[in-house]
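# Fold the following and give me the result.
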Amino acid sequence: MFKKLFGLGKKEVQQDPRDLLKKATSKKKEGKFNEAILLLKRAYQEIAKGNINHGINPFLRLPNYLQEVGKPDEAWGEYNRLLNNGYPNQLNDFSVVTMEHSKIYDKMRLFLQRENKNEKAVTFGILSDLAWARGLNLQKRNSELKTYSKTKNIKDRLQSLLKKANLENEIEAFVLIVSTELNDPNNIDLNRVSKKVNTVVSAA
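This is a model prediction of the structure:
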């Protein structure tokens, strides 16, 4: 499935994906993003041939590079594909997956801020925040979750996000949304949160 998604040929000579990822980084540093994109896709194909889990980070690079070359729709599609389909050799452990979703949502937040869609970015920043909390809960990291859930810490995490969107005056409403979910960490519902956040943003 992943080979088809990356649109790569069947006759590629097998290479170490780590080498391809390093080469992609070099091309990116040189500003040669299209070449970097091709190298990333080849690396993903090689990863899919094996059984080693490389984590989410290598796969978060492609949408970033696509945005750099002026393909925002394709980049956004890559983020959604990662959320819905995962990546080759992803661990089948939802406590890990939801924390990886937190990273994806955070990159989506950053993507939107680069596109000057700062209000929309607020939703994804909060989704990232709560996906991480859900992972802490599933991994029974109770002490960390308790600290994470304190009102002061929620405010601290939201301030920069809301400042960029000129929504600082609404911070109490957003803190309430986040703290309500964290009061019942076994039932964090990101769809519900997204709707609540959008309602506050629209009314502001």
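
# Relative to Leu66, how far out is the nearest residue to Glu68 once chain neighbours are set aside?
Spatial nearest neighbour of Glu68, excluding adjacent residues (Cβ to Cβ, 6 or more residues apart in numbering): Phe33 at 4.9 Å. C-betas here are computed from N, CA, C, even on glycine. Between Phe33 and Leu66 the distance is 8 Å, computed by Cβ to Cβ, to the nearest Å.

# Which one's more surrounded, those two?
Ranked by neighbour count (other Cβ atoms under 10 Å), Phe33 and Leu66 place Leu66 first, with 23 against 19.

# just checking, that one touches Glu78?
Yes: assessed by Cβ atoms under 8 Å, Leu66 is found in contact with Glu78 at 6.5 Å.

# Give the residues shared as contacts by the two.
Common neighbours of Leu66 and Glu78, using Cβ atoms under 8 Å, 6 or more residues apart in numbering, do not exist here.

# Show me what stretch 102-119 is in contact with.
56-57, 60, 63-64, 67, 72, 75-76, 79, 82-83, 120-121, 124-125, 127-129, 131-132, 135, 161, 164-167, 201.

# Now the residue nearest the centre of the chain. Its backbone dihedrals?
For the chain, Ile104 is the residue whose C-alpha lies nearest the centre (Cα atoms, centre = their mean; 0.8 Å). Taking degrees, to the nearest 10, you get phi -60, psi -50 for the backbone angles of Ile104.

# How about stretch 181-189, which residues are buried there?
Neighbour counts over stretch 181-189 (16 or more other Cβ atoms under 10 Å) mark 181-182, 185, 188 as buried.

# how many other residues sit next to Thr123?
Thr123 has 23 nearby residues by other Cβ under 10 Å.
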